[in-house]
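A.B. asks: pasting the structure only:
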RNA sequence: GCCGCUAUAGUGUAACCGGUUAACACGCUGCCCUCUCAAGGCAGAGAGUACGGGUUCGAGCCCCGUUAGCGGUACCA
């Protein structure tokens, strides 16, 4: 299937091509004779693009495609272009565009040119079609348009193909006399424009990820370039824009591989050299179906992660590992390291599964993603960054105090409390929800913790008394608090653990958390003793 | 139906030119810490590389076939 004879020869000295091909030495396909090698000349810089269609929020798969394009551009000093493919006016919305832009910004992907809106280029697209017709490379098809029902297209395609027994049907207008064709158009007869696909031979290109791709021309029908209402179709628009924007490398989902053959035909018909192509494996849901907004809901949307306390660095790191690996055991990597290590060679060909379970709230999204987030929160990020993230988290939860921002004792307290809490944090929500008791006096008490640790009324009485002792304790330190509690437990004839767990429940409302004396120090003597004296709040 | 792609523990990925008992991480289980834990430490289970042939002294890596999944097959993008 693959052989290695070809690679050194094809890479040549072209920097753009080299960057692309050398990445993939081990998988470089053979058949260099017939494969195009990209349009690059010696000095042509790398230009990539991310081209989402604004029909919804930014999807995990799209975010990954954007990321890979971005990493590739950054690694090779190339240019990243953002193009919004809004030609489908029915489905495109400004809101989606905004949401996509926001998503990219959140995850830290920027672009050097754009955003360009594809709808602004329809004249160019039509112009290209006119040229193709004039050159005899495309023709007018006067067949009346058949209504297509979006729901059943898949089934219809299969049925039609079956009916044709896999044979390509020759369009009756393909060889219509050009004069006759022009006359009928003049007369106002509606027509679509189709590309004249060669009837013989094969279409071949070398995909940087998947290797040589060959298909018989017979399997490609004369594709429509322009609808009968005059609007250009996707494959045409993409090619015209990519030519205009001088895109050198197209990195996108592998659901486009068969489009690639068609697009290359268009490039050639237009007299342009196609760029290099690298297709990415898809991302599936646990049931092995394509991850989709409609079917799987918010779990596929980037904004969900932002809203549920993910750190963008962590999420970016996590999706970078979906279908790509640096080839080493490294997993937690800085952006710089990601850029440095990224290569198309490291892209896997098998589709990746994004694991999550709607049933279990603790694994509402992929466990590894959650783990990655916890890694960033607890260790990978510098203290400064964590402080900023927690600040905005607390602000939106209405728990922020401006005293934390100015130099002084409150700020120091804020920083040390965050440092204590980050070890156990999985999401930013843990700071505002799970650890509310550190920022506010009204916090809920976990019913299970209450039942387990405060079930005995005597415990509550003892804790109240302990609170009194704490209020007079001087100094109030880790050591004195611990010895006081332990001595008090001895006197009362209960195990220290009973008072410790009871304290934690009253002080934080939670059954888990940092060591109790650290918690007490963070809360300070006042709040510690008052909360113990007051006892558990009623809900 | 036709065309194409893919196949390594539950998941994400390793395994240089074929060469020890197929590695790492997540998750899972257990133990320890005993002041809890969703934290930390330690240990463990879990694949013989989809299946069947072939080549070879030797195959997860090469060849052939089968199966399954997926993508495409549209006047959608």
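C.D. replies: Right, received. Where do you want to start? None of these values were measured; they are calculated from a predicted model.

A.B. asks: and the residue of the stretch 51-200 of chain A found nearest RNA strand B, how far is that from residue A:221?
C.D. replies: Closest residue of the stretch 51-200 of chain A to RNA strand B, Cβ to the nearest atom of the strand: residue A:161 (2.6 Å). In this view, the C-beta of every residue, glycine as well, is placed from N, C-alpha and C. When distances are taken as Cβ to Cβ, to the nearest Å, residue A:161 and residue A:221 turn out to be 10 Å apart.

A.B. asks: who has more neighbours out of those two?
C.D. replies: Per other Cβ atoms under 10 Å, whichever of residue A:161 and residue A:221 has more neighbours is residue A:221, with 15 against 11.

A.B. asks: how near is the closest residue to that one other than its chain neighbours to residue A:175?
C.D. replies: Nearest in space to residue A:221, with sequence neighbours left out and distances taken as Cβ to Cβ, 6 or more residues apart in numbering, is residue A:168 at 5.8 Å. Distance of residue A:168 to residue A:175, computed by Cβ to Cβ: 15 Å.

A.B. asks: when those two are compared, which one has more neighbours?
C.D. replies: Under the neighbour definition other Cβ under 10 Å, residue A:168 and residue A:175 were set side by side, and residue A:168 has more, 15 against 11.

A.B. asks: just confirm the more buried one contacts residue A:216, I think it does.
C.D. replies: No - under the contact definition of Cβ atoms under 8 Å, residue A:168 does not touch residue A:216, with a separation of 9.5 Å.

A.B. asks: what touches both of the two?
C.D. replies: Here residue A:168 and residue A:216 share no contacting residue, scored by Cβ atoms under 8 Å, 6 or more residues apart in numbering.

A.B. asks: thinking again about what came up before, the residue nearest to residue A:221: which element?
C.D. replies: Taking DSSP states H and E as the definition, one finds residue A:168 inside no helix or strand.

A.B. asks: and residue A:212, by the same measure?
C.D. replies: Counting by DSSP H and E, the element that carries residue A:212 is strand A:211-216.

A.B. asks: after that strand comes which helix or strand?
C.D. replies: Using DSSP H and E, the helix or strand that directly follows strand A:211-216 along the chain is strand A:224-226.

A.B. asks: list the buried residues of stretch A:343-360.
C.D. replies: In terms of neighbour count (16 or more other Cβ atoms under 10 Å), stretch A:343-360 has its buried residues at A:343-347, A:352-354, A:356.

A.B. asks: between these, which is nearest residue A:267?
C.D. replies: residue A:344 (20.7 Å; Cβ to Cβ).

A.B. asks: quickly note the distance from that closest one to residue A:319.
C.D. replies: Using Cβ to Cβ, residue A:344 is found at 16 Å from residue A:319.

A.B. asks: would JSON lines of the buried residues of stretch A:343-360 with secondary structure, distance to residue A:537 and pLDDT be doable?
C.D. replies: Formatted as JSON lines, these follow (DSSP: H, G, I helix; E, B strand; the rest coil; distance: Cβ to Cβ, whole Å; pLDDT from 0 to 100):
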{"residue": "A:343", "secondary structure": "coil", "distance to residue A:537": "57", "pLDDT": "94"}
{"residue": "A:344", "secondary structure": "helix", "distance to residue A:537": "58", "pLDDT": "94"}
{"residue": "A:345", "secondary structure": "helix", "distance to residue A:537": "59", "pLDDT": "91"}
{"residue": "A:346", "secondary structure": "helix", "distance to residue A:537": "54", "pLDDT": "93"}
{"residue": "A:347", "secondary structure": "strand", "distance to residue A:537": "54", "pLDDT": "95"}
{"residue": "A:352", "secondary structure": "strand", "distance to residue A:537": "47", "pLDDT": "94"}
{"residue": "A:353", "secondary structure": "strand", "distance to residue A:537": "44", "pLDDT": "94"}
{"residue": "A:354", "secondary structure": "coil", "distance to residue A:537": "41", "pLDDT": "95"}
{"residue": "A:356", "secondary structure": "coil", "distance to residue A:537": "35", "pLDDT": "91"}
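
A.B. asks: fine by me, we can end here.
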